[in-house]
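J.: Any chance you could fold what I've pasted below:
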Amino acid sequence: MAGENWTMWLNITNFALGIVTLVALLLVFFAVGWDLLLRKVRTPKPDWSMVDSELRALLHGSHSLSVPELGLTMADGGERIEPDKSDRSEKKTQG
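T.: Residues are numbered from 1 along each chain as shown. Down below sits the predicted model:
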């Protein structure tokens, strides 16, 4: 380096970067905490009288679309298609 006191400047730079990092972390924690506090204060009480009808409407329309060309998937209760027996015999001879 070009001077004898380069370690002093390195330490000053590290200290300044540490301070900037701490300030940034404090700002993030403050912003998240403030947002959570505002959500808790401003959250209205839920209206439980309409939950039953909303749930029935949601469940009624979930998988009610019928397209015969597409068939059913396994998740919807479709029929499992077994792999060919020739594939099994090839795996046994190779293994």
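J.: CA only for contacts and neighbour counts going forward, please
T.: OK.
J.: Which secondary structure elements does the strand or helix carrying Leu36 sit against?
T.: Assigning secondary structure by DSSP states H and E places Leu36 in helix 6-42. Packing contacts for helix 6-42, counted by 3 or more Cα pairs under 8 Å, 6 or more residues apart in numbering; DSSP states H and E, involve no helix or strand.
J.: average pLDDT across the following helix or strand past that helix?
T.: For helix 6-42, the succeeding helix or strand toward the C-terminus, using DSSP H and E, is helix 51-60. Averaging pLDDT along helix 51-60 gives 75.
J.: Stretch 40-47 too?
T.: 78.
J.: So which bits of it are buried?
T.: Residues of stretch 40-47 include none that count as buried (16 or more other Cα atoms under 10 Å).
J.: Could you do stretch 12-32 as well?
T.: So for stretch 12-32, nothing qualifies as buried (16+ other Cα under 10 Å).
J.: could you dump that stretch to PDB, C-alpha only?
T.: What follows is stretch 12-32, C-alpha atoms only, in PDB (Å, rounded to 0.1, in the frame of the first residue of the first chain):
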ATOM      1  CA  ILE A  12     -12.400   2.800   9.700                       C
ATOM      2  CA  THR A  13     -14.000   1.500   6.500                       C
ATOM      3  CA  ASN A  14     -15.000  -1.800   8.200                       C
ATOM      4  CA  PHE A  15     -16.500   0.100  11.100                       C
ATOM      5  CA  ALA A  16     -18.500   2.400   8.800                       C
ATOM      6  CA  LEU A  17     -19.800  -0.600   6.800                       C
ATOM      7  CA  GLY A  18     -20.800  -2.300  10.100                       C
ATOM      8  CA  ILE A  19     -22.700   0.800  11.200                       C
ATOM      9  CA  VAL A  20     -24.500   1.000   7.800                       C
ATOM     10  CA  THR A  21     -25.400  -2.700   8.000                       C
ATOM     11  CA  LEU A  22     -26.800  -2.300  11.500                       C
ATOM     12  CA  VAL A  23     -28.800   0.800  10.500                       C
ATOM     13  CA  ALA A  24     -30.200  -1.100   7.500                       C
ATOM     14  CA  LEU A  25     -31.200  -4.100   9.700                       C
ATOM     15  CA  LEU A  26     -32.800  -1.800  12.200                       C
ATOM     16  CA  LEU A  27     -34.900  -0.200   9.500                       C
ATOM     17  CA  VAL A  28     -36.000  -3.500   8.100                       C
ATOM     18  CA  PHE A  29     -37.000  -4.900  11.600                       C
ATOM     19  CA  PHE A  30     -38.800  -1.600  12.400                       C
ATOM     20  CA  ALA A  31     -40.700  -1.700   9.100                       C
ATOM     21  CA  VAL A  32     -41.800  -5.300   9.500                       C
END
